[in-house]
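structure for the following, please:
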Amino acid sequence: MKIARTLFRHSAALSLFALASLISTGSLTAQSDGPPSSPPADWGPVSINLEDIPYPHPVHFLNLNLYGQDVRVAYMDVAPVGPANGQTVVLLHGGSYYGWYWRRQIEALSEAGFRVVVKDRLGWGRSSKPILPYSISLHASNTAALLDHLGVSEAAVVGHSIGGQMASRVAFLFPERVTHMVMINPVGMTDRRPGRGWQPMSGEVDLNPDMQQVYERSLRTEVERHPDWDPEFLEHVRIRYGQRLSGEWPRLAYVQSLGGNLRSIDSVVNDWPHIRTKAMLLGGVEDGPNFTEMAEGVVDALPNAELVLIPNEGHNPHESAPEIVNAELIRFLTSDPDLPAGEGADR
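Predicted coordinates for the structure are as follows:
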């Protein structure tokens, strides 16, 4: 059964195109409705392991040995605040982010009775930054290893952006471990490997970048992902900018190039027809001109999935429209996993 719903959402106060135009022309100044045109003077280096960035809950570590290297995978394990419902949900972040940006979902889900596990993917956030062959399957297996470590036999898995690919691969490789699978504005909705070729990672890094350009590129990324600008989104820009100032930046840059190469060597498009897990694709429709069409294709490929669209939201609706995303997550994750998608809520 394929279920598709479009939710109501008020129009943006400051349009994406207007804000992007201000950035490109350099006319944007520090004001209440937009970000500053230059990095604030008090911005300094940020640790590549984010030790200086507060997380909303205590961070723990899973120790693993991968490819002969001892590594640590960082995670938060948040107990239910309200009456426990016996369910666990794992949150997987996107490629430009880290576990703490799920803070509003952690709060809502824990209050709804879920145990919430939030992983910093290996090579990101507070996890180790080893030089090794990263893959979607490696990250999926690390998620399963984390569940083993925590004594969790089955869980729901929610992934944003490239985390949606990770969630898909977890459900594909470990179907007996996954009760529900959610993708929020996933990337890789089509297989884009043909014609991309293969380029080995050289490890070369620009050690003296133009920091104004670094700032503008990172800011443009956030503006494109948030049609409604909020000053809190500037924290993502500050982190990326500050990591460029870190003495460990060359290592992080190489790790990011290795991790960013995932889509050149793998795709989850062929996983979807084999995933019987109850699934939902939830997304802001302003995530590129063909987002809705591609999302419909993903839901058609999944045997048991529903599509929920949020108008006037972009790539990060869990940050810009948390009340909508949280309500949809709770509705879906409390549904009976044995009933078709779109049915059996509030089990």
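
what sits against the nearest residue to Val214 once chain neighbours are set aside?
Distances taken as C-beta to C-beta, 6 or more residues apart in numbering place Arg244 nearest to Val214, at 5.3 Å, with adjacent residues excluded. (C-beta placed from N, C-alpha, C; glycine too.) Applying C-beta atoms under 8 Å, 6 or more residues apart in numbering to Arg244 gives the contacts Pro209, Met211, Val214.

could these go into a markdown table alongside distance to Met183?
Listed next are these as a markdown table, based on distance: C-beta to C-beta, whole Å:
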| residue | distance to Met183 |
| --- | --- |
| Pro209 | 33 |
| Met211 | 34 |
| Val214 | 30 |
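
so which of these wins on neighbours?
Counting neighbours by other C-beta atoms under 10 Å, the top entry in these is Val214, with 18 neighbours.

isn't that one up against Arg238?
No. Checked against C-beta atoms under 8 Å, the pair Val214 and Arg238 is beyond contact range at 11.5 Å.

what helix or strand is the closest residue to Glu343 other than its chain neighbours located in?
Excluding its sequence neighbours, the residue lying closest to Glu343 (C-beta to C-beta, 6+ apart) is Ser335, at 7.0 Å. Of the helices and strands defined by DSSP states H and E, none includes Ser335.

what's the neighbour count on Ser335?
22.

give me the low-pLDDT residue ranges for the stretch 101-250 of the chain?
For the stretch 101-250 of the chain, the stretches with pLDDT under 70 are 199-204.

in it, which spans are helices?
103-111, 136-150, 162-173, 211-225, 234-244, 249-260 (DSSP state H, counting those that start in this stretch).

can I get those in TSV with distance to Pro80?
Output for the helices of the stretch 101-250 of the chain, formatted as TSV (distance: least, C-beta to C-beta, whole Å):
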stretch	distance to Pro80
helix 103-111	5
helix 136-150	14
helix 162-173	21
helix 211-225	30
helix 234-244	27
helix 249-260	32
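
ranking those helices by burial, who's on top?
Mean neighbour count (mean count of other C-beta atoms under 10 Å) peaks for helix 162-173 among these, with a mean of 26.

against Leu281, how distant is the residue nearest to Arg276 when sequence neighbours are not counted?
Nearest non-adjacent residue to Arg276, counting by C-beta to C-beta, 6+ apart: Pro303, 5.7 Å away. As for Pro303, its distance to Leu281 is 13 Å (criterion: C-beta to C-beta, to the nearest Å).

who has more neighbours, those two?
Per other C-beta under 10 Å, whichever of Pro303 and Leu281 has more neighbours is Leu281, with 25 against 17.
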